[in-house]
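[1] coords please:
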Amino acid sequence: MTFPHCDIQTGQIYGCKKGSWAYWHEKGHLAFNNREETSRLKLWQSYLISFWMLAITLSIINKFMLIIALPLVLIYLGIEIYEEHWCNKYAKLSSR
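    Next up is the predicted model:
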């Protein structure tokens, strides 16, 4: 069983039938990654993950760092959810 996915660098889509909703969702990922705003979001995600790992590591010394780590990972996940929502809307509009 293959799950639908796309290769952002090559633009290839795998694991779904061309023209299906899943195909258009994956096309949405390609379109999403070509936006200027996406570049900024991906940059923020890389910062968030780095700070999150630092906060988790420092929580060994100071448990207060866990309070800092939670919002970082929630913001990171929020960006991921936003991307999936954006791609779902793209698929809905394109598969008509």
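
[2] ok now whichever strand or helix holds Gln45, how far from the chain's centre?
    Secondary structure assignment for Gln45, by DSSP states H and E: helix 36-58. When C-alpha coordinates are averaged (Cα atoms, centre = their mean, to the nearest Å), helix 36-58 and its chain have centres 12 Å apart.

[3] what's the first helix or strand after it?
    Next along from helix 36-58, by DSSP H and E: helix 64-94.

[4] in that following helix, what's buried?
    Met65, Ile68, Ala69, Leu72, Tyr76, Glu83, Trp86, Cys87, Tyr90, Ala91 (16 or more other Cβ atoms under 10 Å). Bear in mind the C-beta positions are built from the backbone N, C-alpha and C, glycine included.

[5] pLDDT weak spots in the chain?
    Filtered on pLDDT under 70, the chain yields the residue ranges 1.

[6] go ahead and flag the most central residue of it.
    Glu80 (3.5 Å; Cα atoms, centre = their mean).

[7] sorry, back to before: what is the nearest of the buried residues of helix 64-94 to Cys16?
    Distance to Cys16, by Cβ to Cβ, is smallest for Ala91 among the buried residues of helix 64-94, at 10.7 Å.

[8] my read: that closest one touches Trp21, true?
    Yes - under the criterion of Cβ atoms under 8 Å, Ala91 makes contact with Trp21 at 5.3 Å.

[9] related to what we said a few turns ago, for Ile61, see how far away the residue nearest to the centre of the chain is.
    In this view, Glu80 and Ile61 are 29 Å apart by Cβ to Cβ, to the nearest Å.

[10] hmm, back to that, not counting the helix holding Gln45 itself, show me its contacts.
    32, 65-66, 68-69, 72-73, 75-76, 79-80, 82-83 (Cβ atoms under 8 Å, 6 or more residues apart in numbering).
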